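> The sequence and its predicted three-dimensional model are supplied below.
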Amino acid sequence: MERSDNDGIKLLKKGKRGLFRAIFSRTGLVLLFLVIQFLFLLSLFSWFADLLPHAFGGTYIFSAVMILYLLNSRIDNSSKVTWLIVITVLPVFGALFYLFTKSDLGHRVLKERTQQLVLETKEMIPQSEESFSELEGENKGAASLVRYAARSGCHPVYQNTEVMYYPLGEDVFEEMIVQLEKAERYIFLEFFIVDEGHMWGKILEILAKKASEGVEVRMMYDGTCEFTLLPRNYPKKLHKLGIQCKVFSPAIPMVSTHYNYRDHRKIMVIDGKVGFTGGVNLADEYINRIEKHGHWKDVAVMLRGDAVDSLTLMFLQMWNIMEKTPQYSEYLSLGKASAPSGSGFVMPFGDRPLDDDRVGEQVYMDILNRATSYVHIMTPYLIMDGELENAIKYAAERGVEVSLILPGIADKTMPYALAKGHYASLLDSGVKIYEYTPGFVHAKVMVSDDREAVVGTINMDYRSLYHHFECGVWMYEGGVITLIEADFRKTLEKCRRVEKETIWNGKTYLKWIGILLKPIAPLL
């Protein structure tokens, strides 16, 4: 362990991280076994495809049956089109691959366990009838959204909650440090990305100190960190500091569909009194300490008061997936004694890929469908299904001012090209599109009509909307809405407006990448 006055604690030695480390480590062996198994499955499928004409009378009959099955399935239409193309181009193999991805192989236990935990906790935080009735009296459409969110879990709407908005990662990082220093009972952290550097080092320094003082500290991060950022034994290193740590869906030497489902949430809860969420992970690019893709524009919110309970519960649901005796009640309702009388309504909500409710997408579409004046959106990715795209276009076509801010500097070429593939259609409907010229927008924000907003972890792409565990905070009325809209307008001053003639900026290769990848976008 290394300790620096400027960067806090570092548990990894120089040269012991990155892709080279991942290849020549236990993770590298896992990857090797995965490749071997994938090649074996590929050869098995190929053998079956060769055998099928003799066994069942032809690949076309088999493919036709699979197409009929696919057309009558409950998956979204965009995914149906993608799979139809795969099955048509690769008869039998494509059908077998589809059956493999839909077989629940590898994530059946996870699916059953998460559903069990959601059912067990659905009434854990009672909905205040007074708050719901007051919201319904103000806006029946907004109350209907709250009623819908309750279908998929314990997502009550609250009053008595103060919301602070942070327009940059470095702003929320400063507040995190202040609040962590105040911790007395527990600290819960759940993040998609953790990378050693100044941000994580300073936070880890406080976590280690608090753990030594008797504060319960729990840390959870996604298993993708094991590939290039953190070694497999990193949880053991944290345990030595008194920090409980779990890795969600770590790499294992088995070809499985469970790798498709990632924990993309960003949650920090301190004593049940304050909670953070937003787009900011625990790595230096998120606070512009280092530069990867120009200036990094990200946002977050801090809740203080009753609504923190929902963030606490979301964390505990994920933590308890592998626990035999889940514990909840001792960590809830701790912030009520000091709950501020905040204005407006707040509903933290979670989204899971293992049920039939696409809560994140439905929240976005509901706001778009009820908007009367404007909808302003910031998102790093724009790879949408037909439903969300039509909702955006319809809002613009009925006279709502719809404006999107996307990155001016891409972090990944393929998603960037696919996003631009949506531009022309949106522009034709009157949607205004802007690109952030200083760098990369990682914020996930939607604000509408000076009365309603969402800040969270949910990108406008297939991975977030269909394949990730996500979370967000829906807000109605209250002064924070004005701050979010003001930040959007301030960010807009640093953007270039995109017209049909400037979509590709002469980069023909991007256009072709977008065209070629469009049919398989739901699989990316």
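Sure, I can see it.

> Next, count neighbours for residue 246.
16 (other C-beta atoms under 10 Å). No exception for glycine: its C-beta is placed from N, CA and C like everyone else's.

> That one reaches residue 316, doesn't it?
No. Between residue 246 and residue 316 there is no contact under C-beta atoms under 8 Å: 11.9 Å.

> for the record, mean pLDDT for the strand ranked longest in the chain?
As assigned by DSSP state E, the longest strand anywhere in the chain is strand 468-476. Averaging pLDDT along strand 468-476 yields 97.

> could you say what helices and strands that strand packs with?
Contacts defined by 3 or more C-beta pairs under 8 Å, 6 or more residues apart in numbering; DSSP states H and E place strand 468-476 against helix 140-149, strand 262-263, strand 274-278, helix 308-319, strand 345-351, helix 359-370, strand 452-456.

> could I get these as a markdown table with mean pLDDT and distance to residue 382?
Output for the helices and strands packed on strand 468-476, formatted as a markdown table (pLDDT from 0 to 100; distance: least, C-beta to C-beta, whole Å):
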| stretch | mean pLDDT | distance to residue 382 |
| --- | --- | --- |
| helix 140-149 | 96 | 23 |
| strand 262-263 | 92 | 19 |
| strand 274-278 | 98 | 19 |
| helix 308-319 | 97 | 26 |
| strand 345-351 | 97 | 18 |
| helix 359-370 | 97 | 12 |
| strand 452-456 | 98 | 16 |
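
> closest to residue 63 out of these?
helix 359-370 (30.5 Å; C-beta to C-beta).

> got the angle between the closest one and strand 452-456?
Orientation check (axes from the mean of the first three to the mean of the last three C-alpha atoms, to 10 degrees): helix 359-370 against strand 452-456 gives 160 degrees.

> quick one: buried residues of helix 359-370?
For helix 359-370, burial by neighbour count (16 or more other C-beta atoms under 10 Å) applies to 359, 360, 361, 362, 363, 364, 365, 366, 367, 368, 370.

> helix or strand right after that helix?
Downstream of helix 359-370, the next assigned helix or strand under DSSP states H and E is strand 374-378.

> Can you say which of the helices and strands packed on strand 468-476 is nearest to residue 396?
For the helices and strands packed on strand 468-476, the distance to residue 396 is smallest for helix 359-370, at 9.3 Å, taking C-beta to C-beta.

> Output that closest one as CSV, nothing but the C-alphas.
Extracted C-alpha coordinates of helix 359-370, given in CSV (Å, rounded to 0.1, in the frame of the first residue of the first chain):
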residue,chain,number,x,y,z
VAL,A,359,-38.4,1.5,-16.4
GLY,A,360,-35.6,3.9,-17.6
GLU,A,361,-36.9,4.0,-21.1
GLN,A,362,-40.6,4.4,-20.0
VAL,A,363,-39.7,7.3,-17.7
TYR,A,364,-37.9,9.1,-20.6
MET,A,365,-40.8,8.4,-22.9
ASP,A,366,-43.4,9.5,-20.4
ILE,A,367,-41.7,12.9,-19.9
LEU,A,368,-41.5,13.3,-23.7
ASN,A,369,-45.2,12.5,-24.2
ARG,A,370,-46.4,14.9,-21.5
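
> Now do it: which elements does it pack against?
Contacts defined by 3+ C-beta pairs under 8 Å, 6+ apart place helix 359-370 against helix 140-149, strand 345-351, helix 386-397, strand 445-448, strand 452-456, strand 468-476.

> Could you dump the ones you listed into CSV and include mean neighbour count and distance to residue 208?
Compiled in CSV, these are given as follows (neighbours: other C-beta atoms under 10 Å; distance: least, C-beta to C-beta, whole Å):
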stretch, mean neighbour count, distance to residue 208
helix 140-149, 17, 37
strand 345-351, 27, 28
helix 386-397, 18, 43
strand 445-448, 26, 33
strand 452-456, 27, 29
strand 468-476, 25, 26
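
> Between strand 452-456 and the longest strand of the chain, find me the angle.
150 degrees.

> Let me have the helices and strands packed on helix 359-370 in JSON lines, extended by distance to residue 211.
JSON lines is the format used below for the helices and strands packed on helix 359-370 (distance: least, C-beta to C-beta, whole Å):
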{"stretch": "helix 140-149", "distance to residue 211": "35"}
{"stretch": "strand 345-351", "distance to residue 211": "26"}
{"stretch": "helix 386-397", "distance to residue 211": "43"}
{"stretch": "strand 445-448", "distance to residue 211": "34"}
{"stretch": "strand 452-456", "distance to residue 211": "28"}
{"stretch": "strand 468-476", "distance to residue 211": "25"}
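
> So which of the ones you listed is nearest residue 288?
Distance to residue 288, taken as C-beta to C-beta, is lowest for strand 445-448 among the helices and strands packed on helix 359-370, at 18.0 Å.

> average pLDDT across that closest one?
98.

> neighbours of residue 130, just the number please.
Quick note: residue 130 (other C-beta under 10 Å) scores 9 neighbours.

> List phi and psi for the residue lying closest to residue 322 once chain neighbours are set aside.
Nearest in space to residue 322, with sequence neighbours left out and distances taken as C-beta to C-beta, 6 or more residues apart in numbering, is residue 246 at 7.3 Å. The phi and psi values for residue 246, taken as degrees, to the nearest 10, are phi -130, psi 150.

> which residues in the stretch 201-350 of the chain form strands?
216-222, 244-248, 262-263, 267-270, 274-278, 295-297, 300-305, 345-351 (DSSP state E, counting those that start in this stretch).

> Kindly export stretch 453-462 (C-alpha atoms) in CSV.
Extracted C-alpha coordinates of stretch 453-462, given in CSV (Å, rounded to 0.1, in the frame of the first residue of the first chain):
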residue,chain,number,x,y,z
ALA,A,453,-36.3,16.3,-14.6
VAL,A,454,-34.3,13.0,-14.4
VAL,A,455,-30.6,12.7,-13.5
GLY,A,456,-29.1,9.3,-13.2
THR,A,457,-27.0,6.6,-14.9
ILE,A,458,-29.2,5.7,-17.8
ASN,A,459,-27.8,6.3,-21.3
MET,A,460,-30.0,6.4,-24.4
ASP,A,461,-28.6,3.2,-25.8
TYR,A,462,-29.5,-0.5,-25.9
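
> where does it sit relative to the chain's centre, distance-wise?
7 Å (C-alpha atoms, centre = their mean, to the nearest Å).

> do the same with stretch 163-171
The answer for stretch 163-171 is 18 Å, by C-alpha atoms, centre = their mean.

> Quick one: end-to-end length of that stretch, please.
15 Å (C-alpha to C-alpha, to the nearest Å).

> what does stretch 316-332 give?
10 Å.

> how near is residue 155 to residue 192?
Distance from residue 155 to residue 192, counting by C-beta to C-beta, to the nearest Å: 21 Å.

> Hmm, I typed the wrong one, I wanted residue 318.
12 Å.

> repeat for residue 274
21 Å.

> neighbour-wise, which of those two wins?
Between residue 274 and residue 192, residue 274 has the larger neighbour count (other C-beta under 10 Å), namely 25 against 22.

> Contact partners for the more buried one?
179, 302, 303, 304, 308, 335 (C-beta atoms under 8 Å, 6 or more residues apart in numbering).

> Select from those residues the one having the most neighbours.
Counting by other C-beta under 10 Å, top hit in the contacts of residue 274: residue 308 with 29 neighbours.

> Do I have it right that that residue meets residue 268?
No. Using C-beta under 8 Å, residue 308 makes no contact with residue 268, being 10.5 Å away.

> Can you give me the neighbour number for residue 289?
16.

> what do you get for the one 5 residues further on?
Counted by other C-beta under 10 Å, the residues lying close to residue 294 total 17.

> can I assume it is in contact with residue 435?
No. With contact defined as C-beta under 8 Å, residue 294 does not reach residue 435; the gap is 11.3 Å.

> shared neighbours of those two, which are they?
By C-beta under 8 Å, 6+ apart, the residues touching both residue 294 and residue 435 are residue 408.

> can you list residues touching both of residue 246 and residue 316?
Joint contacts of residue 246 and residue 316 (C-beta under 8 Å, 6+ apart) do not exist.

> And for residue 289, nearest residue in space, chain neighbours not counted?
residue 198 (5.0 Å).
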